[in-house]
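Participant: Just the structure for this:
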Amino acid sequence: MLRAAAVSIALGLAVVACSSRPPETGTGSGGSSPASDPVTSVVSVGAEVARQVADCDERSGATLDMVGCLSSLSQDLDRQRLALLEASAVPDRVRQAEHEWVAFRDAECSAVYDATSDGSIRGVLQEECVVRLTQEHNDFLRDFHR
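Facilitator: Now for the predicted structure:
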């Protein structure tokens, strides 16, 4: 539980750092949610991801359950990342560099896993790393839509 609180605080700090921008309302009619519209405010999306990471820790009793929950969250974030890349506002060079960014993320989070190779929590820490880096990257991609 403390680990999830630390992750939530870290994600929350990233959200606070970006909150000097006015929140965006999304592009869909009738309002949109972070799950349905990839181009939403960094503040609302960051807060939502922090809540979901905390929920994974709260709802899951076993380590494998937490890994599964976080893995599902990282897959959702990857779908959002791909949707953001498809938008015309993202420069071609950013799209071309995406393969290298994914390789960096995977290597970085594998290093987290390797650093905790004797602990049962290593899978959770690795998935939290993937969620954090993908969320940060999605925020970067969202900036092209402002």
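Participant: Any regions of this protein where pLDDT drops low?
Facilitator: Along the chain, segments meeting pLDDT under 70 span 1-46, 60.
Participant: tell me the helices in it, going along the chain?
Facilitator: 2-18, 42-59, 63-86, 92-115, 122-142 (DSSP state H).
Participant: Which stretch among these is buried most, on average?
Facilitator: Among the helices of the chain, ranked by average contacts under mean count of other CB atoms under 10 Å, first place goes to helix 122-142 (a mean of 21). (Glycine included, C-beta is placed from N, CA and C.)
Participant: Measure how that one sits relative to helix 92-115, angle-wise.
Facilitator: In terms of direction (axes from the mean of the first three to the mean of the last three CA atoms, to 10 degrees), helix 122-142 departs from helix 92-115 by 160 degrees.
Participant: can I get the CA coordinates of helix 122-142 in CSV?
Facilitator: In CSV, the C-alpha atoms belonging to helix 122-142 read as follows (Å, rounded to 0.1, in the frame of the first residue of the first chain):
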residue,chain,number,x,y,z
ARG,A,122,10.0,-7.0,-9.0
GLY,A,123,7.2,-7.6,-11.5
VAL,A,124,5.0,-5.0,-9.8
LEU,A,125,7.9,-2.5,-9.9
GLN,A,126,8.6,-3.3,-13.6
GLU,A,127,4.9,-2.7,-14.5
GLU,A,128,4.8,0.5,-12.5
CYS,A,129,7.8,1.7,-14.4
VAL,A,130,6.1,0.9,-17.8
VAL,A,131,3.0,2.8,-16.6
ARG,A,132,4.9,5.8,-15.4
LEU,A,133,7.1,6.1,-18.5
THR,A,134,4.2,5.6,-20.9
GLN,A,135,2.1,8.1,-19.1
GLU,A,136,5.0,10.7,-19.3
HIS,A,137,5.4,9.9,-23.0
ASN,A,138,1.7,10.3,-23.6
ASP,A,139,1.8,13.7,-21.9
PHE,A,140,4.7,14.6,-24.3
LEU,A,141,2.6,13.5,-27.3
ARG,A,142,-0.5,15.4,-26.0
